[in-house]
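S.K.: Sequence and predicted model, in that order:
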Amino acid sequence: MGEESISSDLIRGNIDTIILRVLSEGDNYGYEIIKSISKYSHGQYELKEPSLYTSLKRLESQGNIASYWGDESQGGRRKYYAVTPQGRETYRRSVNAWKRAKKLIDQLIESGEGDI
Amino acid sequence: MNPLREHVEKLFAEYKPTRQTRELKEEILGNLEARVADLTAEGTEYAEAVEIAKTGIVSVDGLIEGQLRYDAAKYRVELLQSALLYCLIAWIVTIPMRLVGVAGQFSLALPLISLVLGIIYLIVRSSVTGENRRIETWDRAAAERSRKLAWIVWGIFVLAMTASTTALHMGSHIWFGRPLHISGPYQFGVLAASYVWPLVTMIVPLLFNASIRLKYKHEAGAEYVD
């Protein structure tokens, strides 16, 4: 397993939170969400479209985000997503859970012999 | 047609046009167009930008709720096989009942049905080769409703048959003026058989179960992972 696949495995479990983060900075539509995530990762991570749609569908069915159609005059319509109050709460809890997990994983993984 | 629209139509070709699929289609198209616009603004040729955008989403399997895809050709062969097997078992079960003169016609019809199913099975099986995969979609909720309905109808049928058998035999002294006599194993056999034979029709709801099981077994599109 390469370095890249390890990190994308780790990221996959947090995609919902990452999307909530992007949307908590302002309503957005699919392609821009992918672009923002790529930007925040400095081009190191690109969210795949099928994963995006799966995640958005899940977040919406959980009531964490709500969607509405944009009013583009030409071309395909854009479906925008907005974080709901419940979504904000979910985001806050996920961030705390992540911080705790990160600390714990650090504790468990690093040997403390300082060879890194 | 717009090449992106064409691509999206192809992605959804195997799905029924429900409200959900129409919205997802619009959403995907909107995002693909945004991507192409973005790429061309950065200087990519339009045709190349379209190709790049298209590689971003090559399948919508797993994104559409309720509609599952399955290999219809293989499914049909196996369903026919199950139907054939059930009919043969049902027929074998009814053979001893015929000895006591119950369910005679039913028992005669079963081998005929089996024969017909067997012929269809052989025809269908020979027409299915590796290449002509036929993918169709099915709605799990609808299939489960049909299955439930099949069991309910069957349950009512069995209850009705049991009730009428009971009425006929136990009410013998009312209808025929003389009470029922079970004077030996033969009469007992007749009585038992007239209670048991309606249960054989269980093969019908069982086939609904088999149908759902086989659709899962031949589910298509597992190549898409999260």
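M.R.: Yes, it's here.

S.K.: near chain B, which residues of chain A?
M.R.: For chain A, the residues in contact with chain B (C-beta under 8 Å from any C-beta of the partner chain) are A:12, A:29-32, A:34-35, A:48-51, A:53-54, A:57, A:70, A:72, A:75-79. All C-beta spots, glycine's among them, are computed from the backbone N, C-alpha and C.

S.K.: ok, of those, which come out buried?
M.R.: Among those, those scoring as buried are A:29-32, A:34-35, A:49-51, A:53-54, A:57, A:76-79 (criterion: 16 or more other C-beta atoms under 10 Å in any protein chain shown).

S.K.: what's the farthest-apart pair in those residues?
M.R.: A:51 and A:77 (21.8 Å; C-beta to C-beta).

S.K.: distance of residue B:43 from residue B:171?
M.R.: Distance of residue B:43 to residue B:171, computed by C-beta to C-beta, to the nearest Å: 91 Å.

S.K.: The two - which one has more neighbours?
M.R.: Shown here are residue B:43 and residue B:171; by other C-beta atoms under 10 Å in any protein chain shown, residue B:171 has more neighbours (12 against 7).

S.K.: mind checking how far the more buried one is from chain A?
M.R.: 56 Å (C-beta to the nearest C-beta, to the nearest Å).

S.K.: where exactly do the helices run in chain B?
M.R.: Using DSSP state H, the helices assigned to chain B run over residues B:3-11, B:19-41, B:46-56, B:72-99, B:104-127, B:140-170, B:172-175, B:185-196, B:203-217.

S.K.: got it, and chain A?
M.R.: A:3-12, A:15-24, A:30-40, A:49-61, A:85-109.

S.K.: And those, which one averages the lowest pLDDT?
M.R.: In terms of average pLDDT, helix A:3-12 trails the rest of those, at a mean of 72.

S.K.: So which bits of stretch B:209-223 are buried?
M.R.: Neighbour counts over stretch B:209-223 (16+ other C-beta under 10 Å) mark B:210-211, B:214-215, B:218, B:220-221 as buried.

S.K.: Turn those into TSV, columns for distance to chain A and pLDDT.
M.R.: Shown next, in TSV, are those (distance: C-beta to the nearest C-beta, whole Å; pLDDT from 0 to 100):
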residue	distance to chain A	pLDDT
B:210	31	91
B:211	28	91
B:214	26	88
B:215	22	85
B:218	22	82
B:220	16	71
B:221	11	57
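
S.K.: contacting residues around residue A:109?
M.R.: Shown in contact with residue A:109 (C-beta atoms under 8 Å, 6 or more residues apart in numbering or on different chains): no residues.

S.K.: Close to chain A: what parts of chain B are there?
M.R.: Counting by C-beta under 8 Å from any C-beta, the residues of chain B near chain A are B:4, B:23-24, B:26-35, B:37-38, B:56-57, B:59-60, B:62-63, B:65, B:224, B:226.

S.K.: ok, the most centrally placed residue in chain A to chain B distance?
M.R.: Using C-alpha atoms, centre = their mean, the residue of chain A that lies closest to the mean C-alpha position is residue A:18, 2.0 Å off. Taking C-beta to the nearest C-beta as the measure, residue A:18 falls 14 Å from chain B.

S.K.: State the distance from the nearest residue to that residue once chain neighbours are set aside to residue B:197.
M.R.: Setting aside the residues directly before and after it, residue A:18 is nearest to residue A:37 in space (C-beta to C-beta, 6 or more residues apart in numbering or on different chains), at 6.1 Å. Going from residue A:37 to residue B:197 by C-beta to C-beta gives 65 Å.

S.K.: Please apply the same query to residue A:39.
M.R.: Distance of residue A:39 to residue B:197, computed by C-beta to C-beta: 72 Å.

S.K.: same question, residue B:219
M.R.: Distance of residue B:219 to residue B:197, computed by C-beta to C-beta: 37 Å.

S.K.: Please apply the same query to residue B:189.
M.R.: 12 Å.

S.K.: Who has more neighbours out of these two?
M.R.: Ranked by neighbour count (other C-beta under 10 Å), residue B:189 and residue B:197 place residue B:197 first, with 21 against 17.

S.K.: tell me the contacts of residue A:30?
M.R.: A:49, A:52-53, A:56, A:78-79, B:27-28, B:30-31, B:34.

S.K.: Apply 6 Å and report the result again.
M.R.: A:52, B:31 (C-beta atoms under 6 Å, 6 or more residues apart in numbering or on different chains).

S.K.: low pLDDT regions in chain B?
M.R.: The model of chain B has pLDDT under 70 over residues B:1, B:66, B:101-104, B:129-133, B:172-181, B:221-226.

S.K.: again, only using 80
M.R.: For chain B, the stretches flagged by pLDDT under 80 are B:1, B:62, B:65-69, B:96-107, B:127-137, B:139-140, B:168-190, B:219-226.
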